[in-house]
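sequence plus predicted model, see below.
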Amino acid sequence: MKAILFDRFGGTEVLHEADIEVPQPGPGQVRVRVKASGVNGLDGKIRSGMLEAVYPTTFPTVPGGELAGVVDALGEGVRDVQVGDEVLGWADTGSYAEYALATIVAPKPAGLEWQDAAALPVASETAERVLNLLGVTAGETVLMHGASGGVGTLAVQLATARGARVIGTAGPANQDYLTSLGATATVYGEGLVERVRELAPDGVDAVFDLAGKGALEDSITLRGGTERIVTIADFRARQLGITFAQGGAQASPERLAALAQDAAAGKLVTTVTSYPLDQAATAQQVSDAGHVRGKLVLTVA
């Protein structure tokens, strides 16, 4: 099968296309003929080698942790999924490929496009996990740094659905986009503390940092301490006494199925920019640079 892989750490130039063996599903796994694969900031960090201590890499490695596609083979013990089912979920093997294995999948609604389906698993799980860690409830104000990307797009909507108010930061080009999602938008950078205090005179109840670009100190100032601040992107968190949210242990096929239904019905907005599989390096370059609006997705013919 055709896949994108890398066999050494480095920039996006280490990504290249290769023909590799089609993976065989083990117990509890399904094999998926991939139609679309999500691109995440984590992919570039693993490729660069900066997360080797957290995510040990065996070369060659196929990137990608989420997918949407058609089930074409079942491992031993799989009962609730059939060959031919259209699904979305988390990949056990790299999803920048024509085929990938998965253990946790949910049915894809007929009205949901492949690329929109692939935008959901990682972003929705991350957004809800952090909102739960923060204990966000109705009537509270949440500050989200870098809220216009794939996770932020869903986090804004899921937080407002809880009855919270979201103040979201993004670059000038994404201010209207955040407003359209239901957030109160402001730009990041110098003067952020003053801008947020003007927008929320009574303070912010929680901070969700999706950007990892030096906003933690401002967050501590705005919160008056380190409580109820969570980052998914700033590796200085622990030295500052802030929670770094890592992993996807709460991945739920039932919750993913419900969110996929909401997306298909237009109740949950997914904003996607697609690239063909052979342009994976370009997609990762865009991801590495930041300022992404919504989700980047690779489409597989």
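Received it, and whenever you're ready, just let me know what you need. Residues are numbered from 1 along each chain as shown.

got a list of what residue 235 touches?
212, 244 (CB atoms under 8 Å, 6 or more residues apart in numbering). (Glycine included, C-beta is placed from N, CA and C.)

just checking, residue 278 touches residue 17?
Yes - using CB atoms under 8 Å, residue 278 makes contact with residue 17 at a distance of 5.9 Å.

give me the common contacts of these two.
In contact with both residue 278 and residue 17: residue 4, using CB under 8 Å, 6+ apart.

quick one: residue 243 from residue 54, how far?
Computed as CB to CB, to the nearest Å, the residue 243 to residue 54 distance reads 15 Å.

among the two, which residue is more densely surrounded?
residue 243 (17 against 12; other CB atoms under 10 Å).

so residue 237 versus residue 53, what's the distance?
Counting by CB to CB - residue 237 and residue 53 are separated by 15 Å.

compare the two (neighbour count), which wins?
Counted by other CB under 10 Å, residue 237 and residue 53 do not tie: residue 237 has more neighbours, with 21 against 7.

from residue 266, how far out is that one?
Counting by CB to CB, the gap from residue 237 to residue 266 is 36 Å.

same thing with residue 69?
According to CB to CB, residue 69 and residue 266 sit 23 Å apart.

correct me if wrong: residue 231 contacts residue 240.
No - using CB under 8 Å, residue 231 is not in contact with residue 240, being 9.2 Å away.

anything in contact with each of these two?
Common contacts of residue 231 and residue 240 (CB under 8 Å, 6+ apart): residue 216.

okay, those two: which has more neighbours?
The neighbour comparison of residue 231 against residue 240 (other CB under 10 Å) goes to residue 231, with 24 against 15.

in the stretch 201-301 of the chain, which spans are strands?
Per DSSP state E, counting those that start in this stretch, the stretch 201-301 of the chain carries strands over the ranges 206-209, 229-231, 243-244, 272-276, 295-299.

for residue 76, which of these is the nearest?
Residue 76 sits nearest to strand 295-299 of all these, at 29.8 Å, using CB to CB.

mind checking how far the closest one is from the chain centre?
11 Å (CA atoms, centre = their mean, to the nearest Å).

of residue 69 and residue 266, who's got more company?
Taking neighbours as other CB under 10 Å, residue 69 and residue 266 compare with residue 69 leading, 30 against 8.

check contacts around residue 221.
Contacts of residue 221 (CB under 8 Å, 6+ apart): residue 193.

and what of the one 10 residues further on?
In this structure, residue 231 makes contact with 208-210, 212, 216, 237, 242-245, judged by CB under 8 Å, 6+ apart.

most neighbours among these, which one?
residue 208 (31 neighbours).

do you know how far that residue is from residue 101?
Distance from residue 208 to residue 101, by CB to CB: 31 Å.

one more: residue 161?
Residue 161 is 33 Å from residue 101, by CB to CB.

between these two, who's got more neighbours?
residue 101 (21 against 14).

can you confirm that one is in a strand?
Yes - counting by DSSP: H, G, I helix; E, B strand; the rest coil, residue 101 is found in a strand.

pretty sure it contacts residue 31?
Yes - Residue 101 is within contact range of residue 31, at 5.7 Å (criterion: CB under 8 Å).
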